[in-house]
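**Student:** Here's my sequence, what's the structure:
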Amino acid sequence: MPGMSDNAKITRSILTLALLFITAVTAVAAPALTLEELQRDATLTPERLAARFANFKFELRAEVQAPRQFLARGAGDCDDFATLAADLLRAKGYTPHLIEIRMPGYLHAVCYIEETRSYLDFNVRAASRPAVPCNGSLTDIARKVARSFNTEWTAVSEFSWRNGDERTLQTVHRNGQHTVAANAIPASAAARAATARAAIPVCRVATNY
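**Tutor:** The predicted structure follows:
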């Protein structure tokens with residue numbers, strides 16, 4: 001800056017560095033999002049919920065994290081987000097459905113909300129409109145998710161998740177076959193990890209919506 005003395009320049013530089021340091025420390029010290037905070041939020045909608053996770057990091061894990069662990073760590077994958085979103089929104093009066101989409105080399109989970117005719121996808125959490133519109137059918141959700149991965153879907157299932165156990169409720173295959181589980185067979189998180197996840201990456205970051 002014209003006319004600024006050397007001492008003034010040094011002082012300005014020190015103040016700038018101090019400000020950057022304070023900003024960094026404040027960001028690191030920011031409190032983690034808590035389950036109780038989300039449960040108490042009377043204004044929580046699907047889009048507002050997704051926005052709360054905008055700064056979460058993507059981290060692929062073999063097991064679905066417990067909600068408090070996921071929130072405290074600020075990192076996880078599609079299953080962590082979808083299962084937590086379903087529980088929170090159900091408690092707020094929404095009707096969520098957990099949907100799992102299979103694609104060549106990939107497996108991805110999202111949370112469909114009947115009332116908004118849209119689904120929440122961890123890959124889209126930071127978008128300006130994080131709720132992806134759809135017509136509510138399993139095939140439409142599968143098509144849109146697969147398109148975001150630049151591939152085709154092979155099968156799509158609705159499943160439930162309770163206390164670490166997954167139950168497949170119905171499955172639609174790309175060839176048109178549709179199966180409904182009369183007596184849904186539970187599959188524990190450990191069993192699921194040993195089968196589908198053993199060879200299939202889950203929740204690759206895809207943003208081609």
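**Student:** Check the gap between the residue nearest to the spatial centre of the chain and Ala51 for me.
**Tutor:** Nearest to the mean C-alpha position of the chain, by CA atoms, centre = their mean, lies Phe122 at 2.5 Å. Distance of Phe122 to Ala51, computed by CB to CB, to the nearest Å: 13 Å. (C-beta placed from N, C-alpha, C; glycine too.)
**Student:** again, but for Gly176
**Tutor:** Here Gly176 is placed at a distance of 37 Å from Ala51 (CB to CB).
**Student:** quick one: secondary structure of Arg102?
**Tutor:** Following DSSP: H, G, I helix; E, B strand; the rest coil, Arg102 is assigned to strand.
**Student:** right, and it touches Thr151 too?
**Tutor:** No. Using CB atoms under 8 Å, Arg102 makes no contact with Thr151, being 10.6 Å away.
**Student:** Those two: which is more packed in?
**Tutor:** For Arg102 versus Thr151, neighbours defined as other CB atoms under 10 Å are more numerous around Arg102 (20 against 14).
**Student:** Okay, and the beta partners of the more buried one?
**Tutor:** Following DSSP bridges, Arg102 is listed with bridge partners Leu107, Ala155.
**Student:** okay, it: pLDDT?
**Tutor:** On the pLDDT scale, Arg102 is placed at 97.
**Student:** again, but for Ala62
**Tutor:** For Ala62, the model assigns a pLDDT of 86.
**Student:** Now do the phi/psi pair for it.
**Tutor:** phi -70, psi -30 (degrees, to the nearest 10).
**Student:** And the nearest residue to Ala54 once chain neighbours are set aside, how far from Asn55?
**Tutor:** Spatial nearest neighbour of Ala54, chain neighbours left out: Ala126 (4.2 Å); criterion: CB to CB, 6 or more residues apart in numbering. Here Ala126 is placed at a distance of 8 Å from Asn55 (CB to CB).
**Student:** Same check on Arg174?
**Tutor:** 35 Å.
**Student:** try Thr34
**Tutor:** 15 Å.
**Student:** In its sheet, which strands sit next to whatever helix or strand Val172 lives in, and in what direction?
**Tutor:** For Val172, the host element (DSSP states H and E) is strand 165-173. Partners of strand 165-173 in the sheet, by DSSP bridges, are strand 155-162 (antiparallel), strand 178-180 (antiparallel), strand 186-188 (antiparallel).
**Student:** winner for burial among those strands?
**Tutor:** strand 155-162 (a mean of 18; mean count of other CB atoms under 10 Å).
**Student:** For that strand, which outside residues touch it?
**Tutor:** 64, 83, 86, 97-102, 138-139, 141-142, 166-174, 184 (CB atoms under 8 Å, 6 or more residues apart in numbering).
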